[in-house]
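Engineer: following is a predicted model, sequence given first.
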Amino acid sequence: MMIQIPDDLARGLEEIAAAQKKSVEQVALERLRNLLDEPASPQALLRTIRALPHPSHSAVDELEAVIAESRLRRRR
């Protein structure tokens, strides 16, 4: 895949890459990965949610019972 970027951004990447003794591609990929791997990024949250195991019906029933019991205690 090729991505077209403005000249000023390309120059900035070239400067960072030269300072870090890396290729422009390495720097660009590192920066993009960092953006996507931030704990609060939507992509990171989606990956985390998709990785969660699906709860069993009994686990859902138990959770609903605990929530209902908690509501009853607050009303008393």
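Structural biologist: Thanks, I have the structure now. Nothing here was measured: the structure is a model prediction, and the numbers come from that model.
Engineer: only C-alpha atoms from now on, for both contacts and neighbour counts.
Structural biologist: Fine.
Engineer: surely Ser41 touches Leu32?
Structural biologist: No: the criterion here is CA atoms under 8 Å, and Ser41 misses it with Leu32 at 11.9 Å.
Engineer: neighbours around Val24, how many?
Structural biologist: 19 (other CA atoms under 10 Å).
Engineer: how close does it sit to Ser58?
Structural biologist: Distance of Val24 to Ser58, given as CA to CA, to the nearest Å: 52 Å.
Engineer: repeat for Glu25
Structural biologist: 49 Å.
Engineer: tell me which strands and helices the helix-or-strand element of the chain with minimal mean pLDDT is in contact with?
Structural biologist: Counting by mean pLDDT, DSSP states H and E, the chain has its least confident helix or strand at helix 42-51, which shows a mean of 77. Contacting helix 42-51 under the criterion 3 or more CA pairs under 8 Å, 6 or more residues apart in numbering; DSSP states H and E are the following elements: helix 24-37.
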